[in-house]
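S.K.: just the structure for this:
(one chain, ligands or ions: 1)
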Amino acid sequence: MAARRLSSLFSRSLTSGSASKLLSQGRTVSRFSTAAATEKLITPSVDIEYTRLLINGHFVDSASGKTFPTYDPRTGEVIAHVAEGDAEDVNRAVAAARKAFDEGPWPKMSAYERSRILLRFADLVEKHSEELAALETWNNGKPFEQAAKAELPMFARLFHYYAGWADKIHGLTVPADGPYHVHTLHEPIGVAGQIIPWNFPLLMFAWKVGPALACGNTIVLKTAEQTPLTALYVARLFQEAGLPPGVLNIVSGYGPTAGAALASHMDVDKIAFTGSTDTGKIILEMAAKSNLKPVTLELGGKSPFIICEDADIDQAVELAHFALFFNQGQCCCAGSRTYVHERVYDEFLEKAKARALKRTVGDPFKKGIEQGPQIDSEQFQKVLRYIKSGIESNATLECGGERFGSKGYFIQPTVFSNVQDDMLIAQDEIFGPVQSILKFKELDEVIRRANSTRYGLAAGVFTKNINTANTLTRALRAGTVWVNCFDVFDAAIPFGGYKMSGIGREKGIYSLHNYLQVKAVVTPLKNPAWL
Ligand code: ADP
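M.R.: Numbers count the residues shown, from 1 in each chain. Here you go, the predicted structure:
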């Protein structure tokens, strides 16, 4: 598949959000209509069938019998009760994964057969992508069109991609000194523990499960407590595809209970985590204090998006808007510090504000909706607190700044200008629809400022000058630099962070390294005539 540009999938023309004016703190601020949010909500066209834990090939209740509610972020209402896994369930799941690894058949199966099961699974996902997209939107709040047209195809593509790798993983013959024959075996690590977040429940599942299975590992995966539903649905499709029992186990539950039990388990051989930097530190500590399992972490970000003076402003506005507002701003790599050259700053600002005011917010099941609700009340409140802090620190609120509607967790697309590097909104990961626009003058200056953050996940560069692009791509300390594009997430492109944005890379060939051990095999050569 050619590199999929999410932006091109969503850059259709949009209906204008009706904006009335109000005077706030002596500035003119545009306010969005709340009409869309009070309209009748669309009923999702999917049933919630799978709410129990998947252990050893069976959907089962939790050992305690406890359940927890999962919500529709459009309304904050409960949509299902899900089995709540805890340490005892993690123990059972790890035992099943251990058995499936040690006794087979998964790691002992031919790589070709493993590849075929992954391919069958990906095909089944394509067949059920409408239901899956509906379930993802219902539980997460992301626009249905985004889930159906971009995320589900990417999910299936990822499994097709790793199915392709399964039978192409092999070691090397090593030309060592002395009369020795030396080769390496690339072996699966064993039982992989995987903990995923709520912002892309299916894609985060794919980034972790795809490479782990391709390499022959078995898995215990914990979903985020906010979004447990789609992983259980696809687990059923894995069964249909012929995945043997115990190879993939899913424990729904909370972080400090089920997640901690997994990260500190003595019989888990590797842990992979995506989430906040604070939780990443806890995971690393638990891995160290238990059995020193290797850890990969994909954590927070505060990615700069740099618009140079030679940029096509209309394109830059659209891309910077997309880089920040995509997925309700709930992306670890969101372009959340928009640096604009002083010569084009005023024009950019005016157009960026106009674009934010046009953003269509409402029921994510409706056609043409670009922005749904934030995931839950906690995130919703957190984003509003950051907006307040931006106003209090004297950034200029250009538009938005308030709740959208009166139900659920919708927030108006918000733009701040005159943002300074030392403001909280320029330093912390807001994880919401809040664009911060900063002004710069010199290239060296913007490099220094863009890099002066504890994070290093991604960066965007917008310029027509190849020399400027080359300078910036080398100078920026980030795991991905997108030039004149953003959020290109092809299965083959590695993704991960510098600094406190993480350890290791996911996707592409790089992710295979996370799930393989290298064994050197050395045998003396007895006949020196044939060295
Ligand atoms: P966020 O703040 O965005 O929800 P988190 O890092 O808290 O991000 O959550 C990401 C994932 O980590 C979720 O699956 C969550 O349940 C899990 N998690 C949270 N706290 C812990 C913990 N102490 N130990 C293990 N997993 C955790």
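S.K.: CA only for contacts and neighbour counts going forward, please
M.R.: Will do.
S.K.: what's the neighbour count on Val209?
M.R.: Here the neighbour count serves as a burial measure; for Val209 (other CA atoms under 10 Å) it reads 22.
S.K.: in the helix or strand where it lies, which of the residues would be classed as buried?
M.R.: Assessed by DSSP states H and E, Val209 sits inside helix 201-214. The neighbour-count check on helix 201-214 (16 or more other CA atoms under 10 Å) flags 201-214 as buried.
S.K.: now those residues in TSV, with distance to Ile306?
M.R.: Listed next are the buried residues of helix 201-214 as TSV, based on distance: CA to CA, whole Å:
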residue	distance to Ile306
Pro201	29
Leu202	30
Leu203	27
Met204	27
Phe205	31
Ala206	30
Trp207	28
Lys208	31
Val209	34
Gly210	33
Pro211	33
Ala212	35
Leu213	38
Ala214	37
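S.K.: same list (those residues) but as a markdown table, adding distance to the ligand.
M.R.: Below are these laid out as a markdown table (distance: CA to the nearest ligand atom, whole Å):
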| residue | distance to the ligand |
| --- | --- |
| Pro201 | 10 |
| Leu202 | 13 |
| Leu203 | 14 |
| Met204 | 11 |
| Phe205 | 11 |
| Ala206 | 15 |
| Trp207 | 15 |
| Lys208 | 13 |
| Val209 | 15 |
| Gly210 | 18 |
| Pro211 | 19 |
| Ala212 | 18 |
| Leu213 | 20 |
| Ala214 | 23 |
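S.K.: tell me the one of those nearest Ala491?
M.R.: Distance to Ala491, by CA to CA, is smallest for Trp207 among the buried residues of helix 201-214, at 8.5 Å.
S.K.: report the separation between the spatially closest residue to that closest one that is not a sequence neighbour and Asp363.
M.R.: Nearest-residue entry for Trp207: Lys507, 6.0 Å, with adjacent residues in sequence omitted and distances by CA to CA, 6 or more residues apart in numbering. Per CA to CA, to the nearest Å, Lys507 is found 32 Å from Asp363.
S.K.: re earlier: the residue nearest to Trp207 touches Gly496, doesn't it?
M.R.: No - under the criterion of CA atoms under 8 Å, Lys507 lies out of contact with Gly496, with a separation of 9.1 Å.
S.K.: follow-up on the earlier one: mean confidence for the helix holding Val209?
M.R.: For helix 201-214, the mean per-residue pLDDT is 98.
S.K.: that one: how far from the chain's middle?
M.R.: The chain centroid and the centroid of helix 201-214 are separated by 11 Å under CA atoms, centre = their mean, to the nearest Å.
S.K.: packing partners of it?
M.R.: Helices and strands touching helix 201-214, by 3 or more CA pairs under 8 Å, 6 or more residues apart in numbering; DSSP states H and E, are helix 111-127, helix 152-166, strand 218-222, helix 229-241, helix 510-514.
S.K.: so what does the helix or strand just after the second one touch, helix or strand wise?
M.R.: For helix 152-166, the following helix or strand on the C-terminal side (DSSP H and E) is strand 173-174. In terms of contacts (3+ CA pairs under 8 Å, 6+ apart), strand 173-174 is packed against strand 180-188.
S.K.: now do the very next helix or strand once past the strand it packs on, average pLDDT.
M.R.: Elements were assigned by DSSP H and E; along the chain past strand 180-188, the next helix or strand is strand 191-195. What strand 191-195 shows for mean pLDDT is 99.
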